[in-house]
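Engineer: Could you work out the structure for the sequence below:
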Amino acid sequence: MYHFLDEHLYFPHPEVVKSSGILAVGGDLSVDRLLLSYHYGIFPWYNDNEPVIWWCPKPRFVIYPEKVKVARSMKSYFNQNKFKVTYNTCFREIITHCRHTPRQNQGGTWINEDMINAYIKLHKSGYAMSVEVWEGKELAGGLYGVILGKVFFGESMFSIKNNASKFGFITLAGKLFKEGFYLIDCQQPNPHLESLGGEFITGNEFQTILRKNRMEWLCYV
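Structural biologist: Numbering: from 1, shown residues only. Have a look, this model is predicted:
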């Protein structure tokens, strides 16, 4: 049995999550609910014509900013200044590209119109950010995610030009490392993120980091 949410703003504790990773079903995508969910490492992921499904998988796939891997093939991109990276200049365009970019072995993405509108509101509230990768004046790739305290929760990325999203991710990781971030949450593993240094940590380890992050975040809001 899953926990079914109503209009009240709450989530069951992540420790009760099922082996599937599904924690709860229902509720909405309001800014307040999304903020509460991410503080505990809970995120929405569902298809059209389904209720909102909330996930908190264990173990958790993460990247520590200081441990990001830069492959030899990527170093030439940086040596040649192949791309330019900006932040938060076109959030809507980035999330829309993430929605429509074809992906191997996938018929589509979970990013529907409700998700787009919800994360745009989160961005306008200062809690979601985009990373844009440019080749000249042309958008070459990018990614977006949620930023709370010293944790970045990656949501999705895309490339129009080869390795553009990797370039953006590596650049972002360097920025987060300089700013003292604890963690980049990748949610689920894939070969792309594994090549960048992704690793599994236990649910308890993940929640310990989030608990520390919440306490520090609450001291500054």
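
Engineer: okay, now the residue nearest to Thr96 when sequence neighbours are not counted: neighbour count?
Structural biologist: Once flanking residues are discounted, Thr96 sits nearest to Ile116: 6.8 Å by C-beta to C-beta, 6 or more residues apart in numbering. Just so you know, the C-beta spots here come from the backbone N, C-alpha and C atoms, and that holds for glycine as well. Ile116 has 16 neighbouring residues, counting by other C-beta atoms under 10 Å.

Engineer: Need the single longest strand in this protein, by residues.
Structural biologist: When the chain is parsed with DSSP state E, its longest strand is strand 138-148.

Engineer: Could you list the paired strands of that one along with their orientation?
Structural biologist: With DSSP bridges as the test, strand 138-148 is paired with strand 128-135 (antiparallel), strand 151-159 (antiparallel).

Engineer: Would you mark the buried spots in it?
Structural biologist: 139-148 (16 or more other C-beta atoms under 10 Å).

Engineer: Export those as a markdown table, with columns for pLDDT and distance to Leu172.
Structural biologist: Shown next, in a markdown table, are those (pLDDT from 0 to 100; distance: C-beta to C-beta, whole Å):
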| residue | pLDDT | distance to Leu172 |
| --- | --- | --- |
| Leu139 | 98 | 16 |
| Ala140 | 98 | 15 |
| Gly141 | 98 | 12 |
| Gly142 | 98 | 10 |
| Leu143 | 98 | 7 |
| Tyr144 | 99 | 10 |
| Gly145 | 99 | 9 |
| Val146 | 99 | 13 |
| Ile147 | 97 | 10 |
| Leu148 | 97 | 15 |
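
Engineer: Gly180: which of those residues is nearest?
Structural biologist: Ile147 (13.0 Å; C-beta to C-beta).

Engineer: List the beta-bridge partners for that closest one.
Structural biologist: Bridge pairing for Ile147 - DSSP bridges - gives Phe152.
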